[in-house]
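Trainee: Provided below for reference: sequence and predicted model.
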Amino acid sequence: MKSGPDAVSPPPKPAAIPVSVYWMLPLVALLWGLSWPLMKLSLSGLEPLRFRSFSMGGATSGLFLIAWLSGARLRLPVKSLPRMLVLSFFNIAGWSALMILGLQLLPAGRATILAYTFPLWTVPLSVWLMGETVTVRKICGLVLGLCGMALLLGDELFSIGRSPLGALMLIGSAMFWAIGTVLVKRWPMDLPMVSFTAWQTLMAFLFILVLALWLEDGPFHPFGQPLPVMFAALYSAFIASIFAQWTWYRMVELTSAAVSSIAITVVPVIGVFFSALILGENPRITDYTALVLVVGSLAFILLPPWPRHPRN
């Protein structure tokens, strides 16, 4: 080994992943994947926007409570309010409205696949708005994802008695999520992550609530509904929207975005199989093919490349 000024220092070792991440990651993927068939079940007893108002109301209360108990700073600077409104509209409000309306029209498994195509749209948006470089990996991921999305959209378009409206709504929700993700990078907020999420959720809740009051009738809560519907709605409001959200952001704080993104790649797989198990959905060959294409696309876009070891 060389010593002295010409010595080549060994590359720094990557930071160790905390042990807690190894249970957080599969837990988040499981909880979010399970939420899709349960949301679909909730829609059998509640109007979509009213159901979403209930779940987002629970999420808002829980996230502010977690922020307060953890001692996180909650005050939102007045000058940040306009940007926070825009971020809330794309990240949560618009995404939630299109997602739940599209889910009403589609099988839950298929809806999950389409909703989680949002990283595809971040690629061109990041190039356009952030000046990021286009890589071969990103292009491959984009092509795979678009093929999977086109397969499902075409299946909806050409199947007798089916409409592509639900698929288009889910694709629109993914686009909203992607726009919000890029804008968060462009407009960083001086707030702890849990407080930032709580404020976004509150603003989105108010938007969805107004829409629900204007467009729909019926109850805002699941109490009095059949037990499966009530359980599914409570799960969405408190487990998926609070506990899973908090676990996700905690995982992001503890490790890299690349490691955390593994959970995103797994959610559509879990959503498809839980939808078959809970709702009795029978995925077609096109669903499985699109699932493979979209998950492969997410892996290309989200996960880091394999490290190259120098040859001796």
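Mentor: Alright, I've got the coordinates.
Trainee: quick check, pLDDT for the residue nearest in space to the middle of the chain.
Mentor: Compute the mean C-alpha point of the chain, and by C-alpha atoms, centre = their mean the closest residue is Tyr116, 6.4 Å away. As predicted, Tyr116 sits at a pLDDT of 83.
Trainee: what's near enough to touch Gly148?
Mentor: For Gly148, the set of contacting residues under the criterion of C-beta atoms under 8 Å, 6 or more residues apart in numbering consists of 113, 117, 289-294, 297. Yep, even glycine has a C-beta here, placed from its N, CA and C like the rest.
Trainee: before we move on, the earlier item: and the residue nearest to the centre of the chain, what is it in contact with?
Mentor: With contacts defined as C-beta under 8 Å, 6+ apart, the neighbours of Tyr116 are 174, 264, 267-268, 294, 298.
Trainee: save these as TSV, and put in pLDDT and distance to Leu153 too.
Mentor: Output for the contacts of Tyr116, formatted as TSV (pLDDT from 0 to 100; distance: C-beta to C-beta, whole Å):
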residue	pLDDT	distance to Leu153
Ala174	87	12
Ile264	74	21
Val267	84	20
Pro268	86	16
Val294	80	12
Leu298	73	18
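Trainee: what's the closest of those residues to Ile242?
Mentor: Lowest distance from Ile242 to those (C-beta to C-beta) belongs to Val267, with 17.3 Å.
Trainee: just the strands in the protein please.
Mentor: For the chain, strands defined by DSSP state E do not occur.
Trainee: so where's it uncertain?
Mentor: Across the chain, the stretches falling below the confidence threshold (pLDDT under 70) are 1-21, 129-132, 156-163, 252-263, 301-312.
Trainee: I figured Ser195 was touching Ala67, is that so?
Mentor: Yes. Assessed by C-beta atoms under 8 Å, Ser195 is found in contact with Ala67 at 4.7 Å.
Trainee: show me the helices in this structure, by range?
Mentor: Residue ranges of the helices in the chain, as given by DSSP state H, are 21-42, 48-69, 81-88, 94-105, 108-115, 118-130, 136-158, 165-186, 193-215, 227-234, 244-254, 257-279, 285-302.
Trainee: pipe those helices into TSV and attach distance to His221 per row.
Mentor: Formatted as TSV, the entries for the helices of the chain read as follows, by distance: least, C-beta to C-beta, whole Å:
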stretch	distance to His221
helix 21-42	11
helix 48-69	6
helix 81-88	23
helix 94-105	16
helix 108-115	22
helix 118-130	29
helix 136-158	32
helix 165-186	24
helix 193-215	12
helix 227-234	8
helix 244-254	21
helix 257-279	22
helix 285-302	33
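Trainee: point out the most buried one among the ones you listed.
Mentor: Mean neighbour counts were taken over the helices of the chain using mean count of other C-beta atoms under 10 Å, and the top value, a mean of 28, falls to helix 108-115.
Trainee: what angle do that one and helix 285-302 make?
Mentor: Put simply, helix 108-115 runs at 30 degrees to helix 285-302, going by axes from the mean of the first three to the mean of the last three C-alpha atoms, to 10 degrees.
Trainee: show me what helix 108-115 is packed up against.
Mentor: Under the contact criterion of 3 or more C-beta pairs under 8 Å, 6 or more residues apart in numbering; DSSP states H and E, helix 108-115 touches helix 21-42, helix 94-105, helix 136-158, helix 165-186, helix 257-279, helix 285-302.
Trainee: noted, bye for now.
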